[in-house]
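Participant: build me a structure from this.
(chains A and B)
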Amino acid sequence: MTRTLGWFALAGLVAGLVMAFGIAPRELTQGNVQRIMYIHVPAVWVAYLAFLVACGASIAYLFTRRTDGDQLAHAAVEVGLVFLGLNIASGSIWGKPTWGTWWTWDARITSVSIVFLIYLGYLLLRQAVDDRERAARYAAVVAIIAAPNIFLVHQSVNWWRTLHQPASLLKAGGATMPAILWVGIVVNFIGFGLLAAYFVARRAALLHREAQAAG
Amino acid sequence: MLVERRSKETLNALFFFALLLLFVFQFAVGPDRERLAGTLPGLLWLGFILSGLLGLGRTFVVERENDCWEGLLLAPGDKSAIYVGKLAGNVLLMLVVEVLLIVLFTIFFDIDLSPAIPTLAIVVVLGTIGLASVGTLFAAMTAGVRARELLFPVLLLPVQVPVLLAAVKATEAGLAGEPLAAYAHWLQLLAAADVIYLVAGVLTFEFILEP
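Facilitator: You can find the predicted model right below:
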């Protein structure tokens, strides 16, 4: 089951690469650099999706007390952090040639990094609590608080935005992007999403075995 | 709460801390009046959050030190009542310190805040509730954890960024004498954050309080 998911993820990634480098046209002003978008945008979507999954799994854990809920949340946060890190790093690489700087205190960059720090705190907390069951409960509470916080952070973007272009796809009034770019992003999103699901499944299984080994 | 009123332990220390902060701010900003006016909202909230971190972090320390944790657990009734009680105590304590800090600011930096008092009051109350609601929750969490003093701010600060951002922006606009409509959206964000945090806190607190 997990193995099949892995193969699907691989196929999705290949399709995404074909879309990004083969089919998608070269952007006029930015040139090939713009192709970073096919990593940059899907990565952050997948990361936020993972954090939503973590929130849902945490709620489920607190109600049912089945440890697989907690393991799923833990795995989802870790994988989400990897993808969010990918988003920040790729954005930085994209920013250098286009904006002329690796980093700027633009609202969106700042808020994404803050979300990154929040979930880093989640992992720190898990590490600091020795008792497994207690760590699971505390972490679940943090994951539940953190998810609506993403919304607050995003809301602040619209009011505080500076250099970053506003969201081009998910906004009222429809996308302002040519369809071919849009399809490229969605294909990559599906590929990344499958990959993330595969990672989460593997990591959760590993956590499950760790818990069993620890008794 | 009663204990705090009797001993005034935290309040005295926090007051002293706030006074020290003023000196630090003065060293940091220098004598330039315009620079001071520009950084004032940020400085104010920096003072609030620093003293708040100290005060909030101690919320459940008394229970831990005196082995009253089990007492809290055994208390009959809804566990969320403990949360609301602790939260109310924290909000009150923070408000007292914040009012003191504002008064000290006006005296030592020779600024006139009186026209902005209504705005300031709303922003401070909303911001404090936001800080304290998550702070109380996380304080209960970190009270029994290794590296408590370190973990508490590391967890709390990033979560509180929307609250701080909104509070500073609203304070800034209020002090600049802008009409309410110009910064009402920040107040709405603050209020929304407060509601979300409060609901989440009331609902999840019982899971933290388990042994």
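Participant: might you report the residue contacts of the most centrally placed residue in chain A?
Facilitator: Centroid-nearest residue in chain A, with C-alpha atoms, centre = their mean: A:Ala47, separated by 1.0 Å. Contact analysis of A:Ala47 by C-beta atoms under 8 Å, 6 or more residues apart in numbering or on different chains lists A:Gly80, A:Leu81, A:Phe83, A:Leu84, A:Asn87. (Each C-beta comes from the backbone N, C-alpha and C, glycine too.)
Participant: who touches the last one in this structure?
Facilitator: So that's A:Asn87. A:Ile39, A:His40, A:Ala43, A:Val44, A:Ala47, A:Val112.
Participant: which residue sits closest to B:Leu21 in space, ignoring its chain neighbours?
Facilitator: Nearest non-adjacent residue to B:Leu21, counting by C-beta to C-beta, 6 or more residues apart in numbering or on different chains: B:Gly47, 5.0 Å away.
Participant: give me the number of residues near that neighbour?
Facilitator: By the criterion of other C-beta atoms under 10 Å in any protein chain shown, B:Gly47 has 22 neighbours.
Participant: again with B:Phe27
Facilitator: B:Phe27, neighbours per other C-beta under 10 Å, totals 8.
Participant: residues of chain A that sit close to chain B?
Facilitator: For chain A, the residues found near chain B under the criterion C-beta under 8 Å from any C-beta of the partner chain are A:62, A:111, A:114-115, A:117-118, A:121, A:124-125, A:128-130, A:134, A:137-138, A:140-142, A:144-146, A:148-149, A:152-153, A:155-156, A:159-160.
Participant: select only the buried ones of these in PyMOL?
Facilitator: Entered in PyMOL, the line below selects the buried ones among the residues of chain A next to chain B, by 16 or more other C-beta atoms under 10 Å in any protein chain shown:
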select buried, chain A and resi 62+111+114+115+117+118+121+125+128+129+134+137+138+140+141+142+144+145+146+148+149+152+153+155+156+160
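Participant: the residues of chain A next to chain B in helices, which ones?
Facilitator: Using DSSP state H, the members of the residues of chain A next to chain B that fall within helices are A:62, A:111, A:114-115, A:117-118, A:121, A:124-125, A:128, A:134, A:137-138, A:140-142, A:144-146, A:148-149, A:152-153, A:155-156, A:159-160.
Participant: what about stretch B:186-205 and chain A, any contact?
Facilitator: Yes: residues of stretch B:186-205 contacting chain A under C-beta under 8 Å from any C-beta: B:Trp186, B:Leu189, B:Ala192, B:Ala193, B:Ile196, B:Tyr197, B:Ala200, B:Thr204.
Participant: from those residues, pick the one nearest A:Ala24.
Facilitator: Closest to A:Ala24 out of those is B:Leu189 (37.0 Å), distances taken as C-beta to C-beta.
Participant: give the contact list for that closest one.
Facilitator: B:Leu189 sits next to A:Leu152, A:Gln155, A:Ser156, B:Pro162, B:Ala166 when contact means C-beta under 8 Å, 6+ apart.
Participant: cool, and B:Gly130?
Facilitator: B:Gln160, B:Val163, B:Ala167, B:Leu190, B:Ala193, B:Asp194, B:Tyr197.
Participant: reformat those as a markdown table; add pLDDT, neighbour count and distance to A:Gly95.
Facilitator: A markdown table is the format used below for the contacts of B:Gly130 (pLDDT from 0 to 100; neighbours: other C-beta atoms under 10 Å in any protein chain shown; distance: C-beta to C-beta, whole Å):
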| residue | pLDDT | neighbour count | distance to A:Gly95 |
| --- | --- | --- | --- |
| B:Gln160 | 86 | 26 | 27 |
| B:Val163 | 87 | 26 | 28 |
| B:Ala167 | 89 | 28 | 29 |
| B:Leu190 | 89 | 25 | 31 |
| B:Ala193 | 90 | 27 | 29 |
| B:Asp194 | 91 | 21 | 34 |
| B:Tyr197 | 91 | 28 | 33 |
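Participant: which one of the residues you listed is nearest chain A?
Facilitator: Taking C-beta to the nearest C-beta as the measure, chain A sits nearest to B:Ala193 out of the contacts of B:Gly130, at 5.6 Å.
Participant: tell me the buried residues in the helix or strand where the closest one lies?
Facilitator: Using DSSP states H and E, B:Ala193 sits within helix B:180-209. Of the residues in helix B:180-209, B:183, B:186-187, B:189-190, B:192-194, B:196-198, B:200-202, B:204-205, B:207-209 count as buried by neighbour count, 16+ other C-beta under 10 Å.
Participant: and the helix or strand harbouring the residue nearest to the centre of chain A with helix B:180-209, angle?
Facilitator: Here A:Ala47 sits within helix A:37-64, counting by DSSP H and E. Inter-element angle recorded for helix A:37-64 and helix B:180-209: 50 degrees (by axes from the mean of the first three to the mean of the last three C-alpha atoms, to 10 degrees).
Participant: buried ones in helix A:37-64?
Facilitator: The neighbour-count check on helix A:37-64 (16+ other C-beta under 10 Å) flags A:37-51, A:53-62 as buried.
Participant: gap between that helix and the chain center?
Facilitator: On the basis of C-alpha atoms, centre = their mean, to the nearest Å, helix A:37-64 sits 7 Å off its chain's mean C-alpha point.
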